[in-house]
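In: Sequence and predicted structure are below.
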Amino acid sequence: MFLTGENPVADQEELVKFAAHKGAIQSYAHATIHVMLYALRYLHLLNRYPDPLQGTPLVKMAMKGLKRLQGGSVQKVAATPGLILEVFKELNLDNWDGLITALALTMMFVFLLRCREALRKGVDPDPEHACGWRT
C-alpha cells in the first residue's frame with residue numbers, strides 16, 4: 001500500500017500510527033523505526049510516488065516523543081588504568097588463575113581488545129572475531 005500524497009493529512013496520520021504501533025506495541029527501538037520510515041520513503045521514491053516524509057511535522061514529533069520515552073541507550077563503562085588497578089587489588093596474584101586473569105586484562109587493555117577477541121572457548125581462535133589473526 002502506497003501513500004499517494006492525495007490526502008497529506010491522512011498519510012501523515014498513517015505514518016504517526018505506524019511509528020506509535022511499532023514503538024509502543026511492538027517495542028521496536030527508535031532507531032529501528034527511523035530506518036523503517038526511511039525504507040518506506042525509499043520504496044515510495046523508487047516507485048515514483050511522492051516523498052511520504054516530506055512536510056510531516058507530526059511524524060517528527062512522534063519520533064522525538066518515542067525517543068524520549070525509550071530513554072538513551074545503555075552505555076558501557078570505559079576501562080581506565082585506575083579501573084584496571086582496582087581489579088588487580090581484588091585478584092590473588094599468587095594464584096595461577098589470578099595471575100592469568102591479570103595478564104589477560106593487561107593484554108586486552110593495552111591492545112584495545114574486546115573479550116570475544118582476546119578469549120576463546122575452544123582450542124582454536126574464532127577466525128571471524130580474532131582481529132584477523134590466523135593460526
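Out: Received, thanks.
In: separation between A24 and H34?
Out: The span separating A24 from H34 equals 15 Å under the rule C-beta to C-beta, to the nearest Å. Heads up, the C-betas are built off the backbone N, CA and C, glycines and all.
In: In terms of neighbours, single out the busier of these two.
Out: The neighbour count for A24 versus H34, taken as other C-beta atoms under 10 Å, is higher for H34 (15 against 11).
In: can you pull the pLDDT of that one?
Out: Model confidence at H34, given as pLDDT, is 96.
In: Provide the secondary structure category for it.
Out: helix (DSSP: H, G, I helix; E, B strand; the rest coil).
In: for stretch 58-77, which positions count as buried?
Out: By 16 or more other C-beta atoms under 10 Å, the buried positions in stretch 58-77 come out as 59, 62-63, 66-67.
In: Of all pairs in the residues you listed, which one is the farthest apart?
Out: For these, the farthest-apart pair by C-beta to C-beta is V59 and K67; their separation is 12.7 Å.
In: Can you check which residues contact both of those two?
Out: Residues touching both V59 and K67 do not exist when contact is defined as C-beta atoms under 8 Å, 6 or more residues apart in numbering.
In: what's near enough to touch A19?
Out: A19 sits next to 33, 37, 59, 62-63, 66 when contact means C-beta under 8 Å, 6+ apart.
In: ok, now which ones touch the nearest residue to Y28 once chain neighbours are set aside?
Out: Excluding the flanking residues, the one nearest Y28 by C-beta to C-beta, 6 or more residues apart in numbering is K22, at 4.6 Å. Taking C-beta under 8 Å, 6+ apart, we find K22 in contact with 28, 32-33, 36.
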